[in-house]
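# sequence? don't have it. structure:
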């Protein structure tokens, strides 16, 4: 049996955002049809090292047929040893026969599928005439969000980069972005004006679509700053206590999740739900239901829409399967005879 | 970061039973000191394929510092497709920094560490003057049990192979065994007489030490056949409903487990416990407690002793760590830059 063994550098060469987007869409729709499984999270803390390791596993059935897992290791103390603080490995198996398809670095797969999730949800739930996209948080994950959104939303003509924590207000990021998008993701959108606006209130006041991708633990965007019809894709919050937007924004909004239970537990929905701003009944449904046409997405131009993403192992697995397929087609990556 | 990627054939070259035995002993003793963790089992059935996949994960702390997992896939329908029905992959990480050490086929690691478990327990719990070793079950796992036991028990002078299901009564197995032991495990014991005895009653009547390694679901060895002082290492039963020896043998015996909770749930202890022959209080302790000297093993020459092994992910992980170390020393296996 031959398997592909792919490191991050090879995955950067191999994976293409359009293929990842197709895979992630496919998983969301498979989930709406009951064809995905997320298995119990295994999590372990090494208290004396302040480290944590976790195993996220699951499967996509239907026509996709992949199962597997990723093991992620978070060792904050590694930085001073010159090692990555965050690393992980992923194994994917063909669910029709249990044979291993490939083993790979988990970090780039996670970046790409998370970008695809932001872009897909923004394209599906924003106003049809959305022109201004705001990205809150200009960290390492942001380029994947921007790349996927610009691929999927040809109507966007203005991109506002907002990160109050950048010392230069985001100027350097904005200058480098077109080149980075081209080089890293093969995305070219010369028709889009890109600006930095470190003042969150000013940035959000002009946005039709907002993607939040920060590690924030308190709301960065307040209800009174937003204009009617804004869409929010809240990607950053994926653990208890994290939140990026004012819970009041949820009041009366049309709310979607990648996985309702998980979002109410650890996503952007967690705090609005815990503080009674929303109940489970206020969640309209999952993004897969919208993509399948089972439920309506946005129902009016004035509506506030929110998508809450917490990440699902099936998204990693379908992306890994695409990586193996593309690596074979392109003759890239290592091949191991197992 | 460089990792080792090892397939079964390479592992057969790389792994040495003495090193595996040292690793398994180390894990048992680490467990007695509270330095191992077994994380929740993840198990999923694909009903339309009659297939099952599971993830077993855990860690060994103390001086060993390895964590990781194996994902096993059991697809009985594969046989008619010319694929292995049973396959799996293992990932091991350095717990001091979370970096991946290696990725490997899980099947050979499982065979070797299971053999070591049988040998270690037989050596620790048999009478000091034990001369005759009986192996119940001459399937593919048996050679690892025999190899480890013969390495650890120089007093054994007679080996009785008992498998009532072999059409030739075991003659072929016995003839090939010295060559296979030498070739596969580098074990030479010309001082040991090897015989086949397909009659279980006759075989067990002469045994001082019995290792059972069958997939049996009903007792193959009855209480009235055994002589005082016999030791049993029951290795085969690792799922609900499996049993190899008469529950009555447990009555009055000194009983040890690899993990008490797991053995009472899915091991040879399961049925005696469920039928009231024993209670948890009748289990003397875990094998690691004996190896550490925390509790006594056998306390008289007439005593029946039983060791129940159900397998622990830390055993796989320490064996994987040894494989990576030996592969580096010997310059064998693939190296992947991750």
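Cool, the structure landed. None of the values given here were measured: they were computed from a predicted structure.
# tell me the contacts of residue A:248?
Neighbouring residues of residue A:248 by CB atoms under 8 Å, 6 or more residues apart in numbering or on different chains: A:222-223, A:277. (C-beta placed from N, C-alpha, C; glycine too.)
# er, residue A:103 actually
A:3-6, A:89-92, B:5, B:89, B:91, B:103 are the contacts of residue A:103 under CB under 8 Å, 6+ apart.
# which of the residues in the lowest-mean-pLDDT helix or strand in chain A are buried?
Using mean pLDDT, DSSP states H and E, strand A:42-46 stands out as the lowest-scoring helix or strand of chain A, at a mean of 92. The neighbour-count check on strand A:42-46 (16 or more other CB atoms under 10 Å in any protein chain shown) flags A:42, A:44, A:46 as buried.
# do stretch A:50-62 as well
A:51-61.
# in a markdown table: the residues you listed, plus pLDDT, distance to chain B and secondary structure.
Formatted as a markdown table, the buried residues of stretch A:50-62 follow (pLDDT from 0 to 100; distance: CB to the nearest CB, whole Å; DSSP: H, G, I helix; E, B strand; the rest coil):
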| residue | pLDDT | distance to chain B | secondary structure |
| --- | --- | --- | --- |
| A:51 | 95 | 6 | strand |
| A:52 | 93 | 9 | strand |
| A:53 | 95 | 6 | strand |
| A:54 | 93 | 10 | strand |
| A:55 | 95 | 6 | strand |
| A:56 | 95 | 10 | strand |
| A:57 | 97 | 6 | strand |
| A:58 | 97 | 8 | strand |
| A:59 | 97 | 7 | strand |
| A:60 | 97 | 12 | strand |
| A:61 | 95 | 8 | coil |
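# care to break chain A down by domain?
A:2-110+A:314-337, A:117-311 (automatic domain parsing).
# hmm, back to that, can you list the buried residues of strand A:42-46 in TSV and add distance to residue B:172?
Formatted as TSV, the buried residues of strand A:42-46 follow (distance: CB to CB, whole Å):
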residue	distance to residue B:172
A:42	44
A:44	47
A:46	50
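# for residue A:265, which non-adjacent residue is spatially closest?
residue A:240 (7.4 Å; CB to CB, 6 or more residues apart in numbering or on different chains).
# can you tell me the element the one you found falls in?
Under the assignment given by DSSP states H and E, residue A:240 is not contained in any helix or strand.
# so how many other residues sit close to it?
11 (other CB atoms under 10 Å in any protein chain shown).
# relative to chain B, how far out is it?
Residue A:240 is 19 Å from chain B, where distance means CB to the nearest CB, to the nearest Å.
# closest to residue A:181 out of the contacts of residue A:103?
residue A:6 (22.7 Å; CB to CB).
# and the stretch 201-338 of chain A, which of its residues are near chain B?
Within the stretch 201-338 of chain A, the residues that sit near chain B (CB under 8 Å from any CB of the partner chain) are A:334, A:336-338.
# where do the helices of the stretch 101-250 of chain A begin and end?
Listed in chain order, the helices of the stretch 101-250 of chain A (DSSP state H, counting those that start in this stretch) span A:107-125, A:142-152, A:171-185, A:200-205.
# just checking, the residue nearest to residue A:265 touches residue A:270?
Yes: shown here, residue A:240 and residue A:270 form a contact pair, counting by CB atoms under 8 Å, at 6.5 Å.
# what ranges does the stretch 151-300 of chain A have for its strands?
A:158-162, A:193-196, A:209-212, A:217-221, A:231-234, A:243-245, A:254-257, A:283-286 (DSSP state E, counting those that start in this stretch).
# and whichever residue of the stretch 151-300 of chain A sits closest to chain B, what does it touch?
When scored by CB to the nearest CB, the stretch 151-300 of chain A has residue A:262 as its residue closest to chain B, at 16.3 Å. For residue A:262, the contact set (CB under 8 Å, 6+ apart) comprises A:38, A:310, A:312.
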